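[1] take this sequence and fold it.
(chains A and B, ligands or ions: 1)
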Amino acid sequence: MGYYSALRVLREGLTGNRGWKPLWREPDPKAAYDVIVIGGGGHGLSTAYYLAGTFGLTRVAVLEKGWLGSGNIGRNTTIIRSNYLLPGNEPFYELSMKLWEGLEQELNYNAMVSQRGIINLYHSDTQRDAYARRGNAIRLAGADAILLDQEGVRAQYPQLDFDNARFPIKGGLWQPRAGTARHDAVAWGYARGADARGVDIIQNCEVTGFLFEDGVCRGVDTRRGSIRADKVAVCVAGSSSRVMAQAGIRLPLESHVLQAFVSEGLKPLIPGVITFGMGHFYISQSDKGGLVFGGDIDGYNTYAQRGNLPTIEDVCEGGMALMPMIGRARLLRMWGGVMDMTMDGSPIIDKTPVPGLYFNGGWCYGGFKATPASGFCFAHLLARDEPHPVAAAYRLDRFRTGALIDEKGAGAQPNLH
Amino acid sequence: MVIDHPLLGLRDAAEFVYLGDAALLERPDATAADAETRFYEYQYLRDNPAGVHQELWFHEQGDHSWLVVTRNTLTHEILCVELARDVVLARRAGA
Ligand SMILES: Cc1cc2nc3c(=O)[nH]c(=O)nc-3n(C[C@H](O)[C@H](O)[C@H](O)COP(=O)(O)OP(=O)(O)OC[C@H]3O[C@@H](n4cnc5c(N)ncnc54)[C@H](O)[C@@H]3O)c2cc1C
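    Residues are numbered from 1 along each chain as shown, chains lettered A, B, ... in the order given. Predicted coordinates:
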């Protein structure tokens, strides 16, 4: 595939840049594979990468309905963090953070992983206590968290509205190792790495059904014909219910839209990531200078990759309460992506009741940060038929058994998670 | 989105709170032999269709009525709006 290095950039520059090659091949589907991964988003591509690279399965194909990166992997606000409270979640997200830390070297690809830190702001004494508890849980799981008082936040973000009459900023919970990564570069990097390890990445190849023999899943029907496989792995995010319905499986989730916003380019203003604690609003600044921000999902079932105006107003109100100066910035772009919102706000990485069929989904609006660990743990499950220890709680049957992982304590209402 | 409330006319969807699939109106019989399975399915599993969806909206900032809105989840087009009470009474009369 051609190793990337500073020397290579220099050499290509001196020879007219004629040596750069496409990052992956465009193969035709073969008749059969060991594993077929449905969905060429972040999770599907990382699953294929680790299957081939770590678990030694090279007869692997990724089937993508559209073009690679057309789903949420190319639509998110790029925040990566491991600051969860619950034992079912935190070790998983911390594994992901560790994988992020070595990702670019491992993939030999610039994913612009930037550990610029995240601060979750608190605005009252009770909220501080809750954040202190979460910070302790994070540290007990081996990750990093620092509780800041108002001065601590002010040192990093003097421009915030600390004395807001209704929601004064009292401090924040800081995770210095959190940050951002270039979302589509993550997809491209994993795709390039998987391709180099023999994985066939097949775009414009929508899966329309499954092949069953004696109740066992033996492959898929696609727009480019039937393809057989020993195992079929579903990684289709917002389309999870639609795809799994073809196998007669109803899922504990709803599809919702989340919108994202980018302002015009501004001078450096926000060095890390901050979240408002009295509404749902998070913001960072891209390397091009645009303020990248978002808030709540719109809150109704939808498969349209666009939202409605009331949510935009709500998000902007959160921004204005946090830093009124944002009102002077002009919005450049906005878009939406379809989220697979589960009944407890946590994901699923598990076998299904159908032998040969495996499911990865329910990532809600937080699956970008999970991309490396999700692929790693799903590949582990596919290769060994055993869950990876840090993903063992992400069972499909937990809704039946009551072993929910409800980080927010919101109950079985997807639009509240 | 604008919801054509049967009593109040066109209202901004932002006045409403969304609960989810109108299948929630059909609460399982708690005395049935398989009640445990049925309550699990009722509480957690959803069809989540791409296309026509019947769903419950509560007019929180209005008259506090529950509505059954039939809406296309691919286009956001609203096809029909009924009072949930009428829907339930009609189903009972039909049953
Ligand atoms: C606006 C927005 C902001 C977000 N912000 C963050 C954030 O800051 N931090 C964070 O951690 N997460 C964030 N997320 C969530 C994150 O982006 C998703 O959870 C994650 O990307 C989902 O996994 P994926 O990358 O595999 O999904 P996708 O990229 O959506 O991949 C699924 C793929 O499956 C394909 N597919 C669907 N049906 C079929 C079929 N029948 N056959 C073949 N292929 C099919 C789709 O075309 C798609 O490419 C955000 C999401 C959105 C929309």
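[2] I'd say B:P49 and B:T73 touch.
    Yes: counting by CB atoms under 8 Å, B:P49 touches B:T73, with 6.7 Å between them. Glycine gets a C-beta too; all of them are placed from N, C-alpha and C.
[3] of these two, which one has the most company?
    B:T73 (23 against 18; other CB atoms under 10 Å in any protein chain shown).
[4] so A:F368, which state does it fall into?
    The three-state assignment at A:F368 reads coil, by DSSP: H, G, I helix; E, B strand; the rest coil.
[5] residues near it, how many?
    Applying other CB under 10 Å, we find 24 residues neighbouring A:F368.
[6] show me the contacts for the residue lying closest to it once chain neighbours are set aside.
    Nearest non-adjacent residue to A:F368, counting by CB to CB, 6 or more residues apart in numbering or on different chains: A:N76, 4.3 Å away. Contacts for A:N76 (CB atoms under 8 Å, 6 or more residues apart in numbering or on different chains) come out as A:H183, A:A260, A:G337, A:Y365, A:G367, A:F368.
[7] tell me where chain B has helices.
    B:35-44, B:84-94 (DSSP state H).
[8] from what I can see A:N164 touches A:A321, true?
    Yes: contact criterion CB under 8 Å: A:N164 and A:A321 qualify, at 6.0 Å.
[9] neighbour-wise, which of those two wins?
    Remark: of A:N164 and A:A321, A:A321 carries more neighbours, 20 against 16, as counted by other CB under 10 Å.
[10] what strand or helix carries that one?
    Using DSSP states H and E, A:A321 falls within helix A:309-322.
[11] tell me the helices and strands packed up against the lengthiest helix in chain A.
    Longest helix in chain A, counting residues (DSSP H): helix A:90-107. Under the contact criterion of 3 or more CB pairs under 8 Å, 6 or more residues apart in numbering or on different chains; DSSP states H and E, helix A:90-107 touches strand A:79-80, helix A:183-196, helix A:371-384.
[12] out of those, which is closest to the ligand?
    strand A:79-80 (3.4 Å; CB to the nearest ligand atom).
[13] let me know whether A:S124 touches A:R166 as I believe.
    No: A:S124 lies out of contact with A:R166 (CB under 8 Å); the separation is 11.0 Å.
[14] can you map out the helices along the stretch 1-150 of chain A?
    Assigned by DSSP state H, counting those that start in this stretch, the helices in the stretch 1-150 of chain A fall at A:6-14, A:42-53, A:90-107, A:125-140, A:150-156.
[15] near chain B, which residues of the stretch 151-300 of chain A?
    Counting by CB under 8 Å from any CB of the partner chain, the positions of the stretch 151-300 of chain A adjacent to chain B are A:S241, A:R242, A:A245, A:R250, A:L251, A:P252, A:L253, A:E254, A:S255, A:G299, A:Y300.
[16] quick one, strands of chain B?
    All strands of chain B, identified by DSSP state E, fall at B:2-5, B:9-12, B:17-21, B:52-58, B:66-72, B:78-83.
[17] tell me the domain ranges of chain A?
    Domain assignment of chain A by automatic domain parsing yields the ranges A:6-78+A:183-251+A:345-416, A:113-178+A:254-342.
[18] how much space separates the residue of the stretch 1-150 of chain A found nearest chain B from A:A410?
    Of all residues in the stretch 1-150 of chain A, A:K65 sits closest to chain B, at 12.9 Å by CB to the nearest CB. Noted for A:K65: a distance of 31 Å to A:A410, by CB to CB, to the nearest Å.
[19] more neighbours: which of the two?
    For A:K65 and A:A410, the more surrounded residue by other CB under 10 Å is A:K65, and the numbers stand at 20 against 14.
[20] state the distance from the closest residue to that one other than its chain neighbours to A:I227.
    The shortest distance from A:K65 to any non-neighbouring residue, by CB to CB, 6+ apart, is to A:E206 (4.0 Å). Here A:E206 is placed at a distance of 12 Å from A:I227 (CB to CB).
[21] spit out the residues that contact these two alike.
    Shared contacts of A:E206 and A:I227, defined by CB under 8 Å, 6+ apart, comprise A:L63.
[22] between those two, point out the one with more neighbours.
    More neighbours surround A:I227 than the other of A:E206 and A:I227, with 23 against 16 (other CB under 10 Å).
[23] re earlier: ok, A:S124 and A:R166, which is more surrounded?
    Legend: neighbour count by other CB under 10 Å for A:S124 and A:R166, higher for A:S124 (13 against 7).
[24] now the more buried one, nearest residue through space, not along the chain?
    Once flanking residues are discounted, A:S124 sits nearest to A:K170: 6.7 Å by CB to CB, 6+ apart.
[25] I'd guessed the one you found sits against A:H123; true?
    Yes: A:K170 is within contact range of A:H123, at 5.8 Å (criterion: CB under 8 Å).
[26] residues of chain A that sit close to the ligand?
    Proximity of chain A to the ligand is confined to A:38-44, A:63-66, A:70-73, A:75-79, A:206-207, A:235-239, A:243, A:258-260, A:294, A:337, A:363, A:365-369 under the rule CB under 6 Å from any ligand atom.
[27] tell me the secondary structure for A:E254?
    strand.
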